[in-house]
Each structure stands twice: as structure tokens, then as C-alpha cells.
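Colleague: just a sequence and a predicted model for now, questions to come.
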Amino acid sequence: MGSCEDQEEHHRYEAKCVWVNGPIIVGAGPSGLATSACLTQQGVPSLILEKSDCIASLWQHRTYDRLKLHLPKQFCELPLLGFPENFPKYPTKPQFISYMESYASHFSIQPRFKQAVQSAEFDHVLGFWRVKTQDCEYISRWLIVATGENAEPVIPDISGIDKFNGPVVHTSLYKSGSEFKNQRVLVIGCGNSGMEVSLDLCRYNAIPHMVVRNTVHVLPREMFGFSTFGIAMALLKWFPLRLVDKFLLLVANFTLGNTDQVGLRRPKTGPIELKNVTGKTPVLDVGALSQIKTGKIKVMEGVKEITKNGAKFMDGQEKEIDSIILATGYKSNVPTWLKGCDFFTKEGMPKTPFPKGWKAEMGLYTVGFTRKGLLGTAYDAVKIARDIAEQWRTIKDCNLNSCNSHFILLKET
């Protein structure tokens, strides 16, 4: 018989190695939850590993208080369970989080929280995926990458920013303009987040200086009382993409005016085509443009250098600034932990474009990388669940199928 120390080491090994009776899903955001729910409907168990302490952590911990869905709720529903009927057309942040929690509860989804995946690699000898977290190794036939396009904040390298005396925060840490009341704030980035943060700052008598380095499409959130996105989706069923883009820009110029005159130059490529090719989303205006026209939001050219008390700009201007907010978006973190796989680009996006980017080889799947929002997530989740379910039904391993739990411990022999 071994000593107490040997037995203790043996039990420690047991607790560190887990066979998962079904797919491993990395990420408990909307993508992971949708895929787990679709698998459940197909009779396939799964295990979600989530590095934070809650579901939809991006929404719960890294979004500002006034955030609402940019699109009507019917375009943001996950498969099998829609939003409550009493929710407004554009649900708020608390309402969306409530929907996510109800969704997880409805399908009895119970992720393993505080499990940060450090590496995932296919074991060619065993024919399984080995997924390592900080305190455990999980093994499965299938691995579903559901960490999405927005896993980590993008922090740009800006000359002199380390010398700045005031606070520098990414929008992932921004909650409300109340923290910047009466301040001169440099907002770097002019996407939906940059526009909405600038608008929020105005409500607290701050003076946002919004940096616009590149061209940007600004569209009204609604046209003729209907969602701009909804109109575009309907028209695309009948007309070519470029004709739909021309229509959207014609209506946008009529309702919003020529945005070039306020420093927001439009790209030569249309908004939908640009989104499909580059993933760059058009800004859906919810009030920021009117504040730009009145001068309450200052549009600035690219930053040349951050100084001790302000910033120098490409056009020669120099401004004193109290705080800096980086509205520079997010990126995929897949390359940092998925090993031995060339399915993803160095930017962490599938090399195969939508609609075929959801399936790789050796039991690897991806969900939430379509650049098509929650509609794309829903599409991926349904496809993945059906594909794995077909394989699941052909497995004749009685020992695995007799296990009631979603995962079992591997014991040392």
C-alpha cells in the first residue's frame, strides 16, 4: 500500500482529469448557450467552460449602463426560445441579461465557471481533444469554440499615451458618463460604441472629442418607422446587394444629410458589402449625429501624439484633455489557447467564410465568428448541433451512454 502522500497525489490526479460525455464548449456567452441548448434538444449533453463567474460576461461586466440592442429583438433571438413579448423593440442591457439567464435556466445549462482555458489541442494518438484549464484537464471527442469575435479588448499603441496624466480606460470598463462629468474627454474610435459613449458623455455635460481616423458609414437606426436592418434584410431577398446599398445610402443622405460635412466621410464601398467583406459594422445613429452637428461632440482627425495634458492631432490642432476613452473594439483570443490547428487566421477568425465556417476537422467546431451578430450565432448553433447529433447516435459505447452526468472522472489505472 502507498503512503498517505501517494494516496493524496492519486486523488489530486483524479480531480484534474475529466472525460466529458459530449462536446466541450469554450465560452458561456450567447454563442455557447445557443449551441448547448440546440445540443440538448438533439439529446446530446455538453459541458461549457467559462473563464468568468457568470454567463454572458461581456454583457454583464464589460458594457456601459445605457446600452441597448442595436437591432430589433427579433433579429437577436437565440434558437428555440425568443424574447418575452413584453420586452420593448430594442431591449436594454438588463433585459438582455435577463433573457440570457432565463435561456440558460430553461435549458438547464450549468457552465463550469472560473475555468480559464489555457490550451486546447487534438491528441492524434488518442483521437480526442485535450482542453486544459488552470486546475483541470478535460477530454472529449468534440470541441466547440464559442469565445466569439469580441473576447478581448483591443488596446492600440498610441504614441505618448504612457505619459498622459489623466485616466485612460477602454469602453469595456466604461459604465456611465457620470464618472466624467464636466470633463474634456478624448474618445478614440467612431464605431457604435464610440458614438454612443460620446452621446452619453454629453448627457453629463462633458465635452467629448471623438477621433475619426478612417471612413465610416452612419445610417439611421430606422427608416420610415421600420428597422433599417430589417428593411435591408427584406430587400436582399429580391434585389442585388449593391442596389440595396445604394437605396440605404440614398435614404440615409435624405434623412441624415451629408455626413462628410461634419467630418464623417463615407467609404466608397456600400455599408452591407463592407460589413460582409471586412466585418466593419455601420453605425446606427441613436442621437450622436445631432450632437455632432450642434458642436457638442467634437469630431477630430487622427491622433498624432498624446501629451502630458492633452493630444496633438494629424491636422496640427492641439487640445487639452482630462480623460481618454478607448472605443477601439474587441478581438478574438483563439490563437492564444487553441494549439496545433490552422483552421483560424492569426487574427483568430475562421479561414473559411460564412456560411461554412462553423465546421473544421477532427471534431472541431466554431460558433459566433460569422460577423453577422446573433443571427449568425443562431445559424451556427443549429448546424453544429445537428452535425454532432448524427455522430452521437452512431456511437455504440455503452459505458459512455450509461453515464447520467455530463462528465465523469478518469481514474488512474
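Modeller: Done, it's in.
Colleague: hang on, Val212 packs against Ile297?
Modeller: No. Using C-beta atoms under 8 Å, Val212 is not in contact with Ile297; the gap is 10.6 Å. Using the backbone N, CA and C atoms, a C-beta is placed for each residue, glycine as well.
Colleague: which neighbours do the two share?
Modeller: The contact sets of Val212 and Ile297 do not overlap (C-beta atoms under 8 Å, 6 or more residues apart in numbering).
Colleague: looking at the two, which one has more neighbours?
Modeller: For Val212 versus Ile297, neighbours defined as other C-beta atoms under 10 Å are more numerous around Ile297 (25 against 20).
Colleague: is it true that Lys114 touches Lys51?
Modeller: Yes. Counting by C-beta under 8 Å, Lys114 does reach Lys51; the two are 7.0 Å apart.
Colleague: who has more neighbours, these two?
Modeller: Lys51 (19 against 13).
Colleague: skipping its backbone neighbours, what lies nearest the more buried one in space?
Modeller: Sequence neighbours aside, Ala116 is the residue nearest to Lys51 in space, at 3.8 Å (criterion: C-beta to C-beta, 6 or more residues apart in numbering).
Colleague: residues in contact with the one you found?
Modeller: 51, 133-134.
Colleague: quick one: low-confidence residue ranges for the stretch 101-250 of the chain.
Modeller: Judged by pLDDT under 70, the stretch 101-250 of the chain has no weakly predicted residues.
Colleague: what segments of it are helices?
Modeller: 192-202, 228-236, 241-256 (DSSP state H, counting those that start in this stretch).
Colleague: any idea how far apart the tips of stretch 320-331 sit?
Modeller: 30 Å (C-alpha to C-alpha, to the nearest Å).
Colleague: now do that stretch, average pLDDT.
Modeller: Averaged across stretch 320-331, pLDDT comes to 95.
Colleague: list the buried residues of that stretch.
Modeller: Of the residues in stretch 320-331, 321-331 count as buried by neighbour count, 16 or more other C-beta atoms under 10 Å.
Colleague: please apply the same query to stretch 111-123.
Modeller: 111-112, 115, 117, 120, 122.
Colleague: same check on stretch 167-187?
Modeller: Quick answer for stretch 167-187 (16+ other C-beta under 10 Å): 168, 170-172, 174, 177, 179-180, 183-187.
Colleague: which of those residues fall in strands?
Modeller: 168, 170, 184-187 (DSSP state E).
Colleague: and which of these is nearest to Ala311?
Modeller: Leu186 (5.7 Å; C-beta to C-beta).
Colleague: so what's Val44 up against?
Modeller: Neighbours of Val44 in contact, by C-beta under 8 Å, 6+ apart: 22-23, 385, 388-389, 392.
Colleague: how near is Thr259 to Met314?
Modeller: Remark: distance between Thr259 and Met314 (C-beta to C-beta, to the nearest Å) = 19 Å.
Colleague: hmm, Val334 is touching Gly148, no?
Modeller: No. Checked against C-beta under 8 Å, the pair Val334 and Gly148 is beyond contact range at 9.3 Å.
Colleague: need the contact partners of stretch 284-303.
Modeller: Contacts of stretch 284-303 (C-beta under 8 Å, 6+ apart): 68, 70-71, 158-159, 186, 188, 190, 192, 195-196, 198-199, 202, 207-213, 218-221, 228-229, 256-257, 259, 262-264, 311-315, 317, 319.
Colleague: for the longest helix along the chain, packing partners?
Modeller: Scanning the chain for the longest helix, with DSSP state H as the assignment, gives helix 373-394. Applying 3 or more C-beta pairs under 8 Å, 6 or more residues apart in numbering; DSSP states H and E, we find helix 373-394 packed against helix 30-41, strand 364-366.
Colleague: what is the first one packed up against?
Modeller: Helices and strands touching helix 30-41, as assessed by 3+ C-beta pairs under 8 Å, 6+ apart, comprise strand 24-26, strand 47-49, helix 93-106, helix 373-394.
Colleague: check the spacing between Met210 and Leu284 real quick.
Modeller: 16 Å.
Colleague: contacts for stretch 126-133?
Modeller: 24, 26, 49, 115-123, 137-143, 362-364.
Colleague: got it, and stretch 149-165?
Modeller: Outside stretch 149-165, the residues that reach it (C-beta under 8 Å, 6+ apart) are 27, 58, 62, 168, 170-172, 188, 279, 303-309, 321, 324, 326, 328-334, 348-349, 368-369, 371.
Colleague: which ones among these are found in strands?
Modeller: 168, 170, 188, 303-306, 324, 326, 330-331.
Colleague: could I get those residues in CSV, plus columns for distance to Leu249?
Modeller: Formatted as CSV, the ones in strands among the contacts of stretch 149-165 follow (distance: C-beta to C-beta, whole Å):
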residue, distance to Leu249
Val168, 35
His170, 31
Ile188, 26
Val303, 29
Lys304, 31
Glu305, 35
Ile306, 35
Ile324, 32
Leu326, 29
Tyr330, 27
Lys331, 29
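Colleague: between these, which sits nearest Gln42?
Modeller: Tyr330 (30.6 Å).
Colleague: circling back: looking at the buried residues of stretch 111-123, point me to the pair that's furthest apart.
Modeller: Pro111 and Phe122 (22.6 Å).
Colleague: check the gap between the residue nearest in space to the middle of the chain and Gln183 for me.
Modeller: Centroid-nearest residue in the chain: Asn150, 3.4 Å away (criterion: C-alpha atoms, centre = their mean). Using C-beta to C-beta, one gets 27 Å for the distance from Asn150 to Gln183.
Colleague: what of Leu201?
Modeller: When Leu201 is compared with Gln183 (using C-beta to C-beta), they lie 8 Å apart.
Colleague: now do Pro271
Modeller: Distance from Pro271 to Gln183, by C-beta to C-beta: 33 Å.
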